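Peer 1: can you look at this prediction? I've put the sequence above it.
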Amino acid sequence: MNINFSIEEAVTKRYSVRNYQEREIETEKLELIKSFIDSLDNPFGSKINFHYLDSKGMKNEEKLGTYGVIKGAKQYIGTTITLEGQALEALGYEFEALVLYLAHLGLGTCWLGGTFDRAGFAEAMKVKEGDIFPIITPYGYPSDHKHEMEIEMRKMIQADQRKEWSELFFNENFSSPITKEEAKDMAFALEMVRLGPSASNKQPWRIVLKDGNWHFFEYKEPGYSDRFSYDIQRVDMGIAAAHFDFSVKDKNINGHFEISNAPAIELPENVQYSFSWIRD
C-alpha cells in the first residue's frame with residue numbers, strides 16, 4: 001500500500017457526508033479506487049474483503065435502508081471479515097486508509113456501522129452466509145447542503161468536536177498527560193489520531209508513552225457495543241492505528257506494531273490494552 005497523498009490534508013478534509021449529489025463518479029476515479037483497494041494491507045495479519053455496490057437502476061433499491069441517514073448515494077463499499085485475532089482492528093486500519101484516499105480524490109464518505117439494513121445490503125453485495133459484515137460507506141460527491149437528519153445527528157454526537165490531549169495521551173502512566181513538547185517528533189502523529197473519526201464520536205483510543213514506545217489502549221464505553229455481536233470500538237482502534245502509522249511514515253519515522261507488548265502500568269476502569277507501536 002502506497003500512501004502517496006498528504007495525510008494532514010486528507011484528515012482535515014474528511015468529514016461524514018450524509019447527503020450526496022446525483023453527479024456520477026468519473027470512470028478514471030473508479031479505476032483508481034479499485035486499484036487502491038487492491039493494494040491495501042494492514043499490520044495485524046487479518047484478511048479484509050471488500051464488496052462494491054452500484055444501486056443505480058436496481059429493482060430492489062428500496063431494500064437498501066439507511067434509516068433516513070443517507071440521501072442521494074448510489075454507490076457503496078462494504079467489508080467482511082472472519083471474526084478472529086485482530087480482524088476488527090485490521091478492518092478499521094484498511095477502511096480508514098480507503099476513506100482518506102477517497103477524501104484525497106474529493107469524494108465524500110460516511111462510516112456506517114449500525115444505521116444500515118445489514119440483510120438488504122448483504123444480499124445486494126453478495127455477502128456469504130457466516131461472514132461478519134460490520135461496516136459500509138456510501139461514496140460520491142457531497143451535496144452543497146446537509147439534510148435535516150444529518151444536521152441533527154451531527155449536533156447529537158458533537159461531530160465537529162474532539163477530546164483534548166490531556167484526555168487521550170499520557171506519559172509513563174495514566175496519571176500523567178503528555179504535552180506536545182514532551183511528545184517531540186511524535187506530536188504530529190498523536191494530533192492526527194486525535195482528529196480521527198470513531199463510532200458515535202466516542203474516541204475510545206488512549207495512548208501511553210512508556211520506555212520510548214507508544215502503547216494503545218481502548219476505553220470500552222460500558223454497554224455501547226452490546227447491540228453488536230462484536231466490539232465495534234475495536235474498529236475505532238484500527239482507525240487510530242492507521243492515522244498514527246501513516247503520520248509517522250509521512251515524517252520518515254521508523255517503527256512497527258506489536259500486539260503483545262503491554263506495559264506494566266495500572267489501568268483505569270474500563271480500559272484494556274490493544275497493541276503497541278515500537279520505535280525501530
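Peer 2: All right, it came through fine. Numbers count the residues shown, from 1 in each chain.

Peer 1: least trustworthy helix or strand in this protein by mean pLDDT?
Peer 2: The weakest-scoring helix or strand in the chain, judged by mean pLDDT, DSSP states H and E, is helix 148-156 (a mean of 74).

Peer 1: contacts for that one?
Peer 2: Residues from elsewhere that reach helix 148-156, judged by C-beta atoms under 8 Å, 6 or more residues apart in numbering: 16, 18-19, 68-69, 71, 146, 159-160. The way it works is simple: take the backbone N, C-alpha and C, and place the C-beta from them, glycine included.

Peer 1: recalculate using a threshold of 10 Å.
Peer 2: With contacts defined as C-beta atoms under 10 Å, 6 or more residues apart in numbering, helix 148-156 is touched by 15-19, 67-71, 110, 115, 143, 145-147, 159-160, 200-201.

Peer 1: now the helix or strand just after that helix, how far from the chain's geometric center?
Peer 2: Later in the chain than helix 148-156, the nearest helix or strand by DSSP states H and E is helix 165-168. Distance of helix 165-168 from its chain centroid, counting by C-alpha atoms, centre = their mean, to the nearest Å, is 19 Å.

Peer 1: packing partners for helix 165-168?
Peer 2: Helix 165-168 sits against helix 187-194, strand 205-210, with contacts defined as 3 or more C-beta pairs under 10 Å, 6 or more residues apart in numbering; DSSP states H and E.

Peer 1: mind putting these into JSON lines with mean neighbour count and distance to Gly130?
Peer 2: Listed next are these as JSON lines, based on neighbours: other C-beta atoms under 10 Å; distance: least, C-beta to C-beta, whole Å:
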{"stretch": "helix 187-194", "mean neighbour count": "21", "distance to Gly130": "33"}
{"stretch": "strand 205-210", "mean neighbour count": "22", "distance to Gly130": "30"}
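
Peer 1: mean pLDDT added to the ones you listed, as TSV?
Peer 2: Formatted as TSV, the helices and strands packed on helix 165-168 follow (pLDDT from 0 to 100):
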stretch	mean pLDDT
helix 187-194	98
strand 205-210	98
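
Peer 1: specify the local secondary structure of Asn133.
Peer 2: Check again: residue 133 is Phe, not Asn. strand (DSSP: H, G, I helix; E, B strand; the rest coil).

Peer 1: one more: the one 3 residues further on?
Peer 2: Taken by three-state DSSP, the conformation at Ile136 corresponds to strand.

Peer 1: so it is in contact with His51, correct?
Peer 2: Yes - between Ile136 and His51 a contact is recorded at 8.3 Å, counting by C-beta atoms under 10 Å.

Peer 1: which one's more surrounded, these two?
Peer 2: Neighbour comparison, Ile136 and His51: the larger count goes to Ile136, with 27 against 18 (by other C-beta atoms under 10 Å).

Peer 1: can you tell me, leaving aside adjacent residues, what's nearest to the more buried one?
Peer 2: For Ile136, ignoring the flanking residues on the chain, the nearest one in space by C-beta to C-beta, 6 or more residues apart in numbering is Gly78 at 4.0 Å.

Peer 1: my guess is the one you found contacts Gly113, does it?
Peer 2: No - under the criterion of C-beta under 10 Å, Gly78 is not in contact with Gly113, lying 11.1 Å apart.

Peer 1: of those two, give the one with the bigger neighbour count.
Peer 2: Counted by other C-beta under 10 Å, Gly78 and Gly113 do not tie: Gly78 has more neighbours, with 23 against 15.

Peer 1: circling back to that earlier point, how far off centre is the least confident helix or strand of the chain?
Peer 2: On C-alpha atoms, centre = their mean, the centre of helix 148-156 falls 20 Å from the chain's centre.

Peer 1: export that helix to PDB, keeping only CA atoms.
Peer 2: Extracted C-alpha coordinates of helix 148-156, given in PDB (Å, rounded to 0.1, in the frame of the first residue of the first chain):
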ATOM      1  CA  GLU A 148     -32.300  17.900   8.400                       C
ATOM      2  CA  MET A 149     -31.500  14.500   9.900                       C
ATOM      3  CA  GLU A 150     -27.800  15.000   9.100                       C
ATOM      4  CA  ILE A 151     -27.800  18.300  10.900                       C
ATOM      5  CA  GLU A 152     -29.500  16.700  13.900                       C
ATOM      6  CA  MET A 153     -27.100  13.700  14.000                       C
ATOM      7  CA  ARG A 154     -24.000  15.900  13.800                       C
ATOM      8  CA  LYS A 155     -25.300  18.000  16.700                       C
ATOM      9  CA  MET A 156     -26.200  14.900  18.800                       C
END
